[in-house]
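Colleague: Fold the following.
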Amino acid sequence: MPLKLKLALVVISVSAFAACSQKSLIRNQKENLKSSETIQELMLSLIAPTSDGIWHSASRSGMVEKPPHTDEEWAVAKQQAARLLSAAERLTEGGRRVAVKDSKFEIPGVKKSPEEIQQLIDAKPEIYFRYAQQLQAATEETLAAIDAKNATALLEIGGRIDDVCEQCHKTFWYPDQPESKQ
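Modeller: Purely as a prediction, here's the structure:
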């Protein structure tokens, strides 16, 4: 078989594999449901409590920088980041419902019902998946910063985690909310 033909077959095979791999990332929501745990349950039980410690390390307007200093504080930060990473990985699994049927949100600023939010996510699963991947990647960077005991990087990444979460919330949880003028 001529070399050009072999090369063409390799390129076609790699391209086909890449296309199939990308499609498998945005999974069929019903086929790949690995847990009955809802997005709301993940947010309340893992994401909100564990990210608070990371976000509070971020230098944001009105916030005080409080990065870890002692070995114990770094260990606590690592536990929080590991739990946040686990939650972010679960968000990328696909098939997760926003909330249990007929539930209500009692979250300030969220006027949409869980069903309306689910419709927004179902209409744009690739965007939701991208935000979940960004949260996962930023949390992996957080773990690396913690392992290096790099307070400066931890502060910067904490702000990026906050931004990723806020962008997802603006897209799906409260998309009709006007931008604040700061």
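Colleague: ok, now which ones touch Ala145?
Modeller: When contacts are counted by CB atoms under 8 Å, 6 or more residues apart in numbering, Ala145 is found next to 153-154, 157. Heads up, the C-betas are built off the backbone N, CA and C, glycines and all.
Colleague: Closest one to Leu135 out of the residues you listed, please.
Modeller: Checking the contacts of Ala145 against Leu135 by CB to CB gives Ile157 as the nearest, at 11.2 Å.
Colleague: where's the closest one, which helix or strand?
Modeller: With the criterion set as DSSP states H and E, the secondary-structure element containing Ile157 is helix 151-168.
Colleague: Have a look at this structure and report the helix or strand with the lowest mean pLDDT.
Modeller: Taking mean pLDDT, DSSP states H and E as the measure, the helices and strands of the chain show their lowest mean at helix 3-25, namely a mean of 41.
Colleague: Break this structure into its domains for me.
Modeller: According to automatic domain parsing, the chain is divided into the following domains: 1-30, 33-173.
Colleague: ranking those by mean pLDDT, which is last?
Modeller: When the domains of the chain are compared by mean pLDDT, domain 1-30 comes last with a mean of 42.
Colleague: sorry, back to before: can you tell me which of the contacts of Ala145 lies nearest to Pro68?
Modeller: Leu154 (7.5 Å).
Colleague: Can you tell me how far the nearest residue to that closest one once chain neighbours are set aside is from Glu73?
Modeller: Leaving aside its chain neighbours, Leu154 sits nearest to Ala145 (4.5 Å; criterion: CB to CB, 6 or more residues apart in numbering). Distance, Ala145 to Glu73, by CB to CB, to the nearest Å: 13 Å.
Colleague: try Lys112
Modeller: Separation of Lys112 from Glu73 (CB to CB): 38 Å.
Colleague: related to what we said a few turns ago, with respect to burial, which of the domains of the chain scores highest?
Modeller: Mean neighbour counts were taken over the domains of the chain using mean count of other CB atoms under 10 Å, and the top value, a mean of 17, falls to domain 33-173.
Colleague: contacting residues around the nearest residue to Leu84 once chain neighbours are set aside?
Modeller: Setting aside the residues directly before and after it, Leu84 is nearest to Thr50 in space (CB to CB, 6+ apart), at 4.4 Å. Thr50 makes contact with 80-81, 83-84, 87 under the criterion CB under 8 Å, 6+ apart.
Colleague: try Lys124
Modeller: Thr171.
Colleague: Show the backbone phi and psi for it.
Modeller: Lys124 has phi and psi values of phi -140, psi 60 when expressed as degrees, to the nearest 10.
Colleague: how close does it get to Gln118?
Modeller: Taking CB to CB as the criterion, Lys124 is separated from Gln118 by 12 Å.
Colleague: Repeat that for Ala137.
Modeller: As it turns out, when the distance is counted by CB to CB, Ala137 lies 25 Å from Gln118.
Colleague: Identify those among the contacts of Thr50 that sit within strands.
Modeller: Counting by DSSP state E, the contacts of Thr50 place none of their members in strands.
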